[in-house]
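*Asks:* Pasting a predicted model and its sequence here:
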Amino acid sequence: MNQTSKDQGPSGLSIAALVTGILGLSIVPIILGAVDLSRIKNGVASSKGKGFDIAGIVLGGLGIVVWIIMVIVTIVFSSFWFSFH
């Protein structure tokens, strides 16, 4: 595989992980961030994107937690709503 040069910026995968994490696409930034962290570990990608990868993974995890909470709240609310009507 190709070795990266020290003056290279963050990879496209790391930027995509961060952007999809900000957009709340849940599992996508986790996958992109994990793939790019693996590429950094193997010396294929620049380590300058490591922070973007970690941020994307964290935001993706938060997105999943938010979706789970929304589903639980919706189920609870709908059960209360239909029990009163």
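*Replies:* That came through fine.
*Asks:* what mean pLDDT does whichever strand or helix holds residue 55 have?
*Replies:* Taking DSSP states H and E as the criterion, residue 55 maps to helix 50-84. The predicted model gives helix 50-84 an average pLDDT of 92.
*Asks:* And stretch 19-28, by the same measure?
*Replies:* Averaged over stretch 19-28, pLDDT sits at 95.
*Asks:* From the chain's centroid, how far away is that stretch?
*Replies:* Here stretch 19-28 is found 5 Å from its chain centre; the criterion is CA atoms, centre = their mean, to the nearest Å.
*Asks:* That stretch: which residues count as buried?
*Replies:* Under the neighbour-count criterion of 16 or more other CB atoms under 10 Å, stretch 19-28 has 19-21, 25-26, 28 buried. Every C-beta, even on glycine, is put in place using the N, C-alpha and C of the backbone.
*Asks:* Restrict it to CA atoms and write it as CSV.
*Replies:* Presented in CSV, the C-alpha positions along stretch 19-28 are these (Å, rounded to 0.1, in the frame of the first residue of the first chain):
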residue,chain,number,x,y,z
VAL,A,19,-20.0,15.7,7.9
THR,A,20,-22.3,12.7,8.1
GLY,A,21,-22.0,12.7,11.9
ILE,A,22,-23.0,16.4,12.0
LEU,A,23,-26.0,15.6,9.7
GLY,A,24,-27.1,12.8,12.1
LEU,A,25,-26.8,9.9,9.7
SER,A,26,-26.3,7.5,12.6
ILE,A,27,-24.4,4.4,11.4
VAL,A,28,-22.7,6.0,8.3
